[in-house]
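I need the structure of the sequence given here:
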Amino acid sequence: MDGQSCDPFCGSNCLRCSAAPEEDWTERLPQEVQSLLGLLTSGIHLLGQAARNMVIQEDAILHSEDSLRKMSIITTHLQYQQEAIQKKLHPYL
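Reported below is the predicted structural model:
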């Protein structure tokens with residue numbers, strides 16, 4: 001074999017198969033590629049955090065909208081009660 005490719009089940013001592021199985025494949029990469037891989041990993045982590053934060057904010061907005069809707073209903077009912085009280089106090093106004 002030329003050492004560049006082999007059958008994954010060959011079991012021979014070609015260059016591809018001779019790497020120690022416990023060795024991390026990222027250790028064989030050039031430093032620039034490792035740096036880029038680290039940046040990509042941290043970028044993915046930041047995107048995940050941003051997505052979670054966005055979901056939390058969306059939930060807070062939905063809760064606020066629901067609270068505002070309920071407060072609007074309460075305000076309307078209080079206005080009806082105020083009108084009813086005023087009509088009883090001043091029936092001819």
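
keeping just the C-alphas, turn stretch 71-85 into PDB.
What follows is stretch 71-85 as a C-alpha-only set of coordinates in PDB (Å, rounded to 0.1, in the frame of the first residue of the first chain):
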ATOM      1  CA  MET A  71     -54.800  44.200  33.000                       C
ATOM      2  CA  SER A  72     -56.800  45.700  30.200                       C
ATOM      3  CA  ILE A  73     -59.800  43.400  31.000                       C
ATOM      4  CA  ILE A  74     -59.600  44.300  34.700                       C
ATOM      5  CA  THR A  75     -59.500  48.000  33.800                       C
ATOM      6  CA  THR A  76     -62.600  47.700  31.600                       C
ATOM      7  CA  HIS A  77     -64.400  45.900  34.500                       C
ATOM      8  CA  LEU A  78     -63.400  48.600  37.000                       C
ATOM      9  CA  GLN A  79     -64.700  51.300  34.700                       C
ATOM     10  CA  TYR A  80     -68.000  49.500  34.500                       C
ATOM     11  CA  GLN A  81     -68.200  49.300  38.300                       C
ATOM     12  CA  GLN A  82     -67.200  52.900  38.600                       C
ATOM     13  CA  GLU A  83     -70.000  53.900  36.200                       C
ATOM     14  CA  ALA A  84     -72.500  51.800  38.100                       C
ATOM     15  CA  ILE A  85     -71.500  53.300  41.500                       C
END
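
which residues touch that stretch?
Stretch 71-85 is contacted from outside by no residue at all, using Cβ atoms under 8 Å, 6 or more residues apart in numbering. C-betas here are computed from N, CA, C, even on glycine.

state the mean pLDDT of it.
Average pLDDT, stretch 71-85: 97.

before we move on, what about stretch 58-67?
Mean pLDDT, computed over stretch 58-67, is 98.

before I go, just wanted to say thanks for your time.
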